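# Quick one, fold the following:
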Amino acid sequence: MAAGNWGGSAAGSGLAFQAAVSAVCMVHMARGTSLGWCESVNDTPLSVSAESGGAGDDIALQLVDANVLEIQAKRRLKADSELWGSLIALYRRANEDAAFHGVLAVGPSTSVSIRDQLARDIIRLGQGRADDLSPLAVTLTEKLSDAVIPLATSGRVRIQTVHVLEQNSASAQAALAHLAHVTTQPEQAWERLQAEGLRLIQLRGRHDIASIAGIIPGLRASASSVNELREGRPLWPDYSFISCSLFTAPCR
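So this is what the prediction gives:
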């Protein structure tokens with residue numbers, strides 16, 4: 001099944017979004033760059049797993065500093081039980097495990113009250129600010145109180161908008177820019193990584209730095225690309241080349 005053509009149903013488009021988010025993570029893993037989604041940790045992935053069964057059971061990342069980042073990928077969310085179930089699950093795990101970081105990854109069609117206002121207020125709650133909250137953030141604080149979860153846990157939970165849909169593909173364009181440093185065929189590599197993201201979901205599979213060397217076509221024939229990837233070493237970047245804001249909203 002070709003990447004980007006996985007059906008028009010809600011379930012199909014949701015899987016396509018999850019697969020594309022996984023592909024973004026795999027690009028950062030290959031390049032050795034941080035996602036920039038959690039400013040409290042170096043969120044450069046060393047491995048990407050799908051359907052992990054954890055709090056963020058869609059995608060699980062092992063990070064370079066032994067921390068874990070789990071992601072719930074939801075293309076379109078409303079302020080309903082799906083939102084609160086996903087968020088509180090991430091908060092519970094973060095409260096139980098100091099090495100855990102959770103991200104609710106949403107598409108740009110998610111309402112502004114979630115992807116902007118609630119995302120902002122979660123950051124502020126993690127900073128110790130509980131004043132001037134949006135209505136959804138007030139509801140969140142009430143649910144956290146009921147669950148006996150400290151507000152400070154917000155420091156390791158984020159809502160992140162990821163732009164990988166056809167009509168709003170800023171993150172995909174950034175992925176191509178990253179891949180151009182790794183391969184002579186960035187467009188084909190991006191399509192293959194999206195397809196591999198879907199395959200990971202189906203298999204409940206996992207990739208690390210070494211294994212994706214066999215997936216990315218046209219690896220540049222230099223020691224800094226082919227050999228390092230195949231030996232399981234990421235391509236540590238020139239950080240002046242690209243900022244995490246190209247993949248995401250500005251790092252907070």
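# Mind listing what's buried along stretch 115-122?
Residues 115, 117-119, 121-122 are the ones in stretch 115-122 that count as buried (16 or more other CB atoms under 10 Å). The C-beta positions use only the backbone N, C-alpha and C, and glycine is treated the same way.
# Narrow those residues to those in helices?
Under the assignment DSSP state H, these contribute 119, 121-122 to helices.
# sorry, back to before: can you tell me which of the buried residues of stretch 115-122 is nearest Leu179?
Closest to Leu179 out of those is Arg115 (26.0 Å), distances taken as CB to CB.
# Name the nearest residue to the closest one, sequence neighbours excluded.
Closest residue to Arg115 apart from its sequence neighbours, by CB to CB, 6 or more residues apart in numbering: Thr161 at 4.7 Å.
# Out of the buried residues of stretch 115-122, which is nearest to Arg75?
Arg75 has its nearest neighbour among the buried residues of stretch 115-122 in Arg115, at 11.5 Å by CB to CB.
# Verify the contact between the closest one and Pro108 for me.
Yes. If you go by CB atoms under 8 Å, Arg115 and Pro108 touch, sitting 7.3 Å apart.
# how about the helix or strand Ala189 falls within: buried residues?
According to DSSP states H and E, Ala189 maps onto helix 186-203. Under the neighbour-count criterion of 16+ other CB under 10 Å, helix 186-203 has 186, 189-201 buried.
# roughly how far is the lengthiest helix in the chain from the heart of the chain?
Scanning the chain for the longest helix, with DSSP H as the assignment, gives helix 10-31. Relative to its chain's centre, helix 10-31 lies at 8 Å (CA atoms, centre = their mean, to the nearest Å).
# quick one: contacts of the strand or helix carrying Arg92?
Arg92 belongs to helix 81-96 when assigned by DSSP H and E. Contact with helix 81-96 is made by 54-56, 70, 72, 74, 77, 100-104, 114, 139-140, 143-144, 147, 149-150, 153-154, 156-157, 159, as judged by CB atoms under 8 Å, 6 or more residues apart in numbering.
# go again using 6 Å as the cut-off
With CB atoms under 6 Å, 6 or more residues apart in numbering as the test, helix 81-96 has contacts from 55-56, 72, 77, 100, 102, 104, 149, 153, 156-157.
# same check, this time on stretch 126-143
79, 113, 117-118, 121, 154-155.
# so for stretch 142-159, what's the average pLDDT?
The average pLDDT within stretch 142-159 is 98.
# what distance separates the start and the end of it?
Taking CA to CA, to the nearest Å, the first and last residues of stretch 142-159 lie 18 Å apart.
# What are the buried residues along that stretch?
Neighbour-count burial for stretch 142-159 [16+ other CB under 10 Å]: 144, 149, 151, 153-159.
# what separates it from the chain centre, distance-wise?
Its chain's average C-alpha position is 20 Å from that of stretch 142-159, according to CA atoms, centre = their mean.
# repeat for stretch 49-58
Using CA atoms, centre = their mean, the offset of stretch 49-58 from its chain centre is 12 Å.
# and if you look at stretch 71-78?
The answer for stretch 71-78 is 11 Å, by CA atoms, centre = their mean.
# how about it as PDB, C-alpha atoms only?
The C-alpha coordinates for stretch 71-78 follow below in PDB (Å, rounded to 0.1, in the frame of the first residue of the first chain):
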ATOM      1  CA  ILE A  71       3.400   9.200  22.100                       C
ATOM      2  CA  GLN A  72      -0.300   9.100  21.600                       C
ATOM      3  CA  ALA A  73      -1.000  10.100  18.000                       C
ATOM      4  CA  LYS A  74      -4.500  11.600  17.300                       C
ATOM      5  CA  ARG A  75      -5.100  13.200  14.000                       C
ATOM      6  CA  ARG A  76      -8.200  15.100  15.100                       C
ATOM      7  CA  LEU A  77      -9.300  15.500  18.700                       C
ATOM      8  CA  LYS A  78     -12.200  17.100  20.400                       C
END
